[in-house]
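Participant: the following comprises the amino acid sequence and a computationally predicted model.
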Amino acid sequence: RDWKKKHKGEAWYGGDTVNLSIGQGYILVTPVQMLKVISVIANGGYLIRPYLIKKIVSPRGDLIKEFQPPKMERVPLSSATLNFLRRSLRGVVREGTGWRAESKTVEISGKTGTAELSEGEKPHNWFIGYASSTHLRLAIVVLVENREEDIQIAPQIAGKIFSQIFEKNVH
């Protein structure tokens, strides 16, 4: 409420709350931010900050510098909340809007989304998801921009990515 007053010079309305609850309105997120959200749920309430460089090597292969992954941070979510979120995200793929991500190879959980743009522009299609096995844990985000036809293509792409990666890591 304070944000809207400060940045827009307007009062907060009930419709603003409704819009935010479904990811519309004034909320803006990046694919990396959404990947962090789904990763916290997949990791049992721990945030693993993404990092881009593991090590730097010379052209001859000599190690110049090695980077350590950031320490995991605990996010204050109760086990009841985490379990609810995990069941809900699994349900999205098993019987909801993310059904096209379903895989025979690995159990996928995730969330679909549609980013609406200005009038006349085609919407973006999102899928964030995670899957794990005894040897591999993976979270991904798929964002397909300006896709009016076949609006649920992102879950299908994600399902194929998960399936191929887990098939290769099982055999």
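Facilitator: Looks like it arrived, so ask away.

Participant: beta-bridge partners for Lys55, please?
Facilitator: Glu66 (DSSP bridges).

Participant: tally of neighbours for it?
Facilitator: Under the neighbour criterion other Cβ atoms under 10 Å, Lys55 is assigned a count of 9. For every residue, glycine as well, the C-beta is placed using N, CA and C.

Participant: pretty sure it is touching Leu63, no?
Facilitator: Yes. Using Cβ atoms under 8 Å, Lys55 is in contact with Leu63, at 6.3 Å.

Participant: where does the residue lying farthest from the centre of the chain sit: helix, strand or coil?
Facilitator: The outermost residue of the chain relative to its centre, with distances by Cα atoms, centre = their mean, is Arg60 at 37.3 Å. Put simply, Arg60 is coil when judged by DSSP: H, G, I helix; E, B strand; the rest coil.

Participant: next helix or strand past the worst-scoring helix or strand of the chain on mean pLDDT?
Facilitator: Least confident element among the helices and strands of the chain, by mean pLDDT, DSSP states H and E: helix 14-21 (a mean of 85). Tracing the chain C-terminally past helix 14-21 and defining elements by DSSP states H and E, one meets helix 31-42 next.

Participant: residue ranges with poor pLDDT in the chain?
Facilitator: 151, 171 (pLDDT under 70).

Participant: can you map out the helices along it?
Facilitator: Remark: helices assigned in the chain by DSSP state H are 2-8, 14-21, 31-42, 79-95, 153-170.

Participant: quick one: closest of these to Ser103.
Facilitator: Closest to Ser103 of these, according to Cβ to Cβ: helix 153-170, at 4.5 Å.

Participant: chain center to the closest one: distance?
Facilitator: Helix 153-170 sits 15 Å away from the centroid of its parent chain (Cα atoms, centre = their mean, to the nearest Å).

Participant: swap in stretch 28-47?
Facilitator: 6 Å.

Participant: quote the end-to-end distance of it.
Facilitator: 20 Å (Cα to Cα, to the nearest Å).

Participant: ok, and what's touching it?
Facilitator: With contact meaning Cβ atoms under 8 Å, 6 or more residues apart in numbering, stretch 28-47 is reached by 48-50, 72-77, 82, 85-86, 89, 109-111, 126, 128-130, 132, 137, 139-141, 143.
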